[in-house]
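A.B. asks: compute the structure for the input listed below.
(one chain, ligands or ions: 1)
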Amino acid sequence: MKSLLRYASFALVTVFLAPAACGGEPEQVEPTPGLTAFTGARLITGDGGTIESGTIVVRDGVIEAVGGSDEVMVPEDASTVDLSGRTVTPGLINAHGHVNNVIGLQADPSFYTEEHVVNQLALYARYGVTTVASLGGDGPEAVAVRDREGPDLNHARIRVAGPVIVADTPEQAAERVNAAADMNVDFIKIRVDDNLGATRKMTPEVYQAVIDTAHERGLMLTAHMYYLDDAKGLMNAGADFLAHSVRDVDVDQELIDMLTASDVCYCPTLMREVSTYVYEDRPEWFDDPFFLKDADPEVIAALEDPERQEGIRNSSSAQTYKAQLPQALRNVKALHDAGVRIAMGTDTGPAARFQGYFEHGELDLMVESGLTPMQTIVASTRDAAECLGLEGVGTLEAGNFADFVVYTANPAEDIGNSRTIESVWIAGNEVPGAAGD
Ligand SMILES: [Zn+2]
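C.D. replies: Numbers count the residues shown, from 1 in each chain. Okay, here's the model as predicted:
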């Protein structure tokens with residue numbers, strides 16, 4: 001697996017010496033550029049732990065020390081940010097999002113530019129999503145944006161799958177996986193789905209070739225699937241990540257055993273299901289200030305068009321996905337209870353799947369499925385990172401990037417509090433324009 005950590009230094013200095021007590025006035029110390037201490041917040045560390053009052057010391061975009069206020073001393077030359085009364089989590093990680101060629105409700109290949117990639121990553125970041133695994137539809141522009149990540153970063157990090165691999169033969173599959181690998185992607189993505197019977201599914205012979213070639217190139221295989229049988233077929237073939245929910249039936253012990261034996265994670269993308277039918281009416285979030293702060297009124301108006309709503313009410317695929325949401329919710333809970341790791345993902349990016357905002361809806365749905373808020377946070381931080389082999393992100397710990405979210409209320413108490421974002425920090429830089437209610 002290629003290391004995704006591009007600039008962090010792991011040279012840790014975790015012992016801070018107190019200034020010598022020699023009486024008299026304390027000397028004024030010039031702050032060291034790039035050295036900041038965030039003090040006084042409740043720290044939800046991403047691994048299930050909480051520090052009730054803690055300090056994060058950041059040097060040049062990387063966490064140098066983190067711990068209780070009584071354990072971690074603030075270096076005297078650090079600038080300080082007082083976060084008393086706030087709660088901090090690691091930045092949210094969307095393990096299945098997209099950075100796309102969509103503007104408003106329109107998709108057009110000409111929209112896909114480096115600037116547009118950056119704009120979408122800035123939008124994710126304003127909502128607290130600090131890393132996005134873009135699973136398909138990515139071109140060299142996104143790779144270039146990824147490769148520019150440095151200490152001045154203030155939008156979400158991106159990791160890319162490149163184009164979704166489509167192939168008719170094993171030879172063609174290998175050729176296309178190699179082309180994506182040559183583009184220096186982070187993962188390979190395939191779809192094994194007939195879109196409710198409307199299209200032809202990739203055959204096991206072809207996806208086996210995709211998976212084998214991906215592994216030869218050191219890349220994880222992420223798989224779109226829908227049916228339980230396909231999830232099992234993909235697991236037999238060596239898939240590394242199930243990028244959607246099983247939506248046709250209850251998951252069974254055989255799938256659970258396959259997933260736990262290989263520590264392959266499951267990414268529910270529940271908001272993707274919601275997006276297929278929800279615009280049959282006016283969704284309640286059209287009145288949510290947290291949504292409206294970054295929403296385009298023209299897009300809202302278009303989605304409220306009665307003819308469009310009628311079309312969705314009459315769409316059998318939309319109504320099928322709607323009917324299957326409870327199935328998807330049951331399966332998340334069953335898999336989580338059985339020890340399968342869940343990675344938060346939304347499949348945002350296509351039109352009307354709102355990047356940034358939908359991640360908060362996903363957290364709500366994960367809790368609705370039966371996970372606790374803390375389990376949901378772990379799935380959205382540490383586990384989302386580990387499930388995709390992302391290094392340097394996902395937890396508040398020394399050596400990781402200083403990517404975190406500050407809330408005015410504790411999301412581990414009530415997941416709805418994830419909407420109380422006060423500020424977002426990426427590589428220790430405050431993201432412009434991030435704010436909750
Ligand atoms: Zn997707």
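
A.B. asks: CA atoms for contacts and neighbours, from now on please.
C.D. replies: Noted.

A.B. asks: show me the helices in the stretch 1-150 of the chain, by range?
C.D. replies: 114-126, 140-147 (DSSP state H, counting those that start in this stretch).

A.B. asks: and the shortest one, what other elements does it pack with?
C.D. replies: Looking back up the chat, that one is helix 140-147. helix 114-126, strand 157-160 (3 or more CA pairs under 8 Å, 6 or more residues apart in numbering; DSSP states H and E).

A.B. asks: can you name the next helix or strand after the last one?
C.D. replies: Put plainly, it is strand 157-160. helix 170-182 (DSSP states H and E).

A.B. asks: quick one on the thing from earlier: just the helices of the stretch 1-150 of the chain: most buried one?
C.D. replies: helix 114-126 (a mean of 22; mean count of other CA atoms under 10 Å).

A.B. asks: so what touches that one?
C.D. replies: By CA atoms under 8 Å, 6 or more residues apart in numbering, the residues outside helix 114-126 that reach it are 99-101, 130, 132, 141-142, 144-145, 154-158, 294, 355-357, 424, 431-435.

A.B. asks: can you dump the C-alpha coordinates of it into PDB?
C.D. replies: Extracted in PDB, the C-alpha atoms of helix 114-126 (Å, rounded to 0.1, in the frame of the first residue of the first chain):
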ATOM      1  CA  GLU A 114      -8.600  21.700 -10.900                       C
ATOM      2  CA  GLU A 115     -10.400  24.900  -9.700                       C
ATOM      3  CA  HIS A 116     -13.700  23.000  -9.500                       C
ATOM      4  CA  VAL A 117     -12.100  20.100  -7.700                       C
ATOM      5  CA  VAL A 118     -10.700  22.600  -5.100                       C
ATOM      6  CA  ASN A 119     -14.100  24.300  -4.800                       C
ATOM      7  CA  GLN A 120     -15.800  21.000  -3.900                       C
ATOM      8  CA  LEU A 121     -13.100  20.100  -1.400                       C
ATOM      9  CA  ALA A 122     -13.600  23.600   0.200                       C
ATOM     10  CA  LEU A 123     -17.300  22.900   0.500                       C
ATOM     11  CA  TYR A 124     -16.700  19.500   2.100                       C
ATOM     12  CA  ALA A 125     -14.300  21.200   4.500                       C
ATOM     13  CA  ARG A 126     -16.700  23.900   5.600                       C
END
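
A.B. asks: could you check how far it is from the centre of its chain?
C.D. replies: 14 Å (CA atoms, centre = their mean, to the nearest Å).

A.B. asks: same question for stretch 314-324.
C.D. replies: The answer for stretch 314-324 is 26 Å, by CA atoms, centre = their mean.

A.B. asks: give me the buried positions along that stretch.
C.D. replies: 317-319, 321-322, 324 (16 or more other CA atoms under 10 Å).

A.B. asks: minimum distance to residue 29: which of the helices of the stretch 1-150 of the chain has it?
C.D. replies: Between residue 29 and these, the shortest separation by CA to CA is 33.2 Å, and it involves helix 114-126.

A.B. asks: re earlier: possible to save the helices of the stretch 1-150 of the chain as a markdown table with distance to residue 81 and mean pLDDT?
C.D. replies: Listed next are the helices of the stretch 1-150 of the chain as a markdown table, based on distance: least, CA to CA, whole Å; pLDDT from 0 to 100:
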| stretch | distance to residue 81 | mean pLDDT |
| --- | --- | --- |
| helix 114-126 | 19 | 98 |
| helix 140-147 | 28 | 98 |
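
A.B. asks: closest to residue 253 out of those helices?
C.D. replies: So among the helices of the stretch 1-150 of the chain, helix 114-126 is nearest, using CA to CA, at 36.0 Å.

A.B. asks: show me where the stretch 151-300 of the chain has its helices.
C.D. replies: 170-182, 204-216, 228-237, 253-262, 270-277, 289-292, 297-303.

A.B. asks: of all those, which one is nearest residue 311?
C.D. replies: Across the helices of the stretch 151-300 of the chain, closest to residue 311 is helix 270-277 (CA to CA), at 10.1 Å.

A.B. asks: what about the closest one, average pLDDT?
C.D. replies: Averaging pLDDT along helix 270-277 yields 98.

A.B. asks: surely residue 60 and residue 151 touch.
C.D. replies: Yes. Counting by CA atoms under 8 Å, residue 60 does reach residue 151; the two are 6.4 Å apart.

A.B. asks: okay, and the beta partners of the spatially most central residue of the chain?
C.D. replies: Nearest to the geometric centre of the chain sits residue 94, at 1.1 Å (CA atoms, centre = their mean). Taking DSSP bridges as the rule, residue 94 bridges to residue 132.

A.B. asks: identify the bridge partners of residue 159.
C.D. replies: residue 133.

A.B. asks: quick one: it from residue 389, how far?
C.D. replies: 11 Å (CA to CA, to the nearest Å).

A.B. asks: look at those two and report which has more neighbours.
C.D. replies: Of the pair residue 159 and residue 389, residue 159 is the one with more neighbours under other CA atoms under 10 Å, namely 26 against 17.
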